[in-house]
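K.L.:
pasting the structure only:
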Ligand SMILES: Nc1nc2c(c(=O)[nH]1)N[C@H]1C(S)=C(S)[C@@H](COP(=O)(O)O)O[C@H]1N2
Ligand SMILES: [Mo]
């Protein structure tokens, strides 16, 4: 009876453990569009970074956000993973992000913003993948419509588009 329970407990434990493992970072099969570096506990490369292709990002906690922005006319529909779900999957261990664009623009973004707001890495605009010419492949989008107080220069500066990398500082 006792031995039986122990065996059950161990196999239950192993099942929980392996399902946690399965939730950990997969490996990109498509083109890598985002690299996360720095203070993270889950990595998928030899040099301890976390690389993502489009599919891996779309497998995170994805929402759509309808909003205007200071750089666009009218309301558009954006889709992409919540920043906090990206931070969870890489096991981000610090409170500031250095967000880096393809054109070498960069900005520091407090991790707290991702908990205070439904901040997404927008990948699609009005149902179409965002190209580099159109703020893609990833645009750190604050919900300006939902939270009008975000419409200020500090937040504008954090609204990095054409993102290629995020360092957890
Ligand atoms: N990739 C990228 N993102 C960026 C910028 C940029 O130059 N490149 N400029 C930032 C700043 S400082 C502001 S205020 C807004 C708007 O920039 P713009 O209106 O000068 O284009 O985008 C932000 N995101
Ligand atoms: Mo700016």
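P.N.:
That came through, no problem. Computed from a predicted structure; not experimentally measured. Ligands and ions are numbered 1, 2, ... in the order given.
K.L.:
which residues does residue 41 contact?
P.N.:
90, 91, 93 (C-beta atoms under 8 Å, 6 or more residues apart in numbering). (Each C-beta comes from the backbone N, C-alpha and C, glycine too.)
K.L.:
Need phi/psi at the first one.
P.N.:
The phi and psi values for residue 90, taken as degrees, to the nearest 10, are phi -90, psi -10.
K.L.:
between the contacts of residue 41, which is closest to ligand 1?
P.N.:
Ranked by distance to ligand 1 (C-beta to the nearest ligand atom), the contacts of residue 41 are led by residue 90 at 21.4 Å.
K.L.:
I'd like the next helix or strand past the helix or strand bottoming out on mean pLDDT in the chain.
P.N.:
Sorting the helices and strands of the chain by mean pLDDT, DSSP states H and E puts helix 2-23 at the bottom, at a mean of 51. Using DSSP states H and E, the next helix or strand after helix 2-23 towards the C-terminus is strand 34-38.
K.L.:
Just give the strands next to that following strand in its sheet, each with its orientation.
P.N.:
Paired with strand 34-38 in the same sheet, following DSSP bridges, are strand 50-52 (antiparallel), strand 163-168 (parallel).
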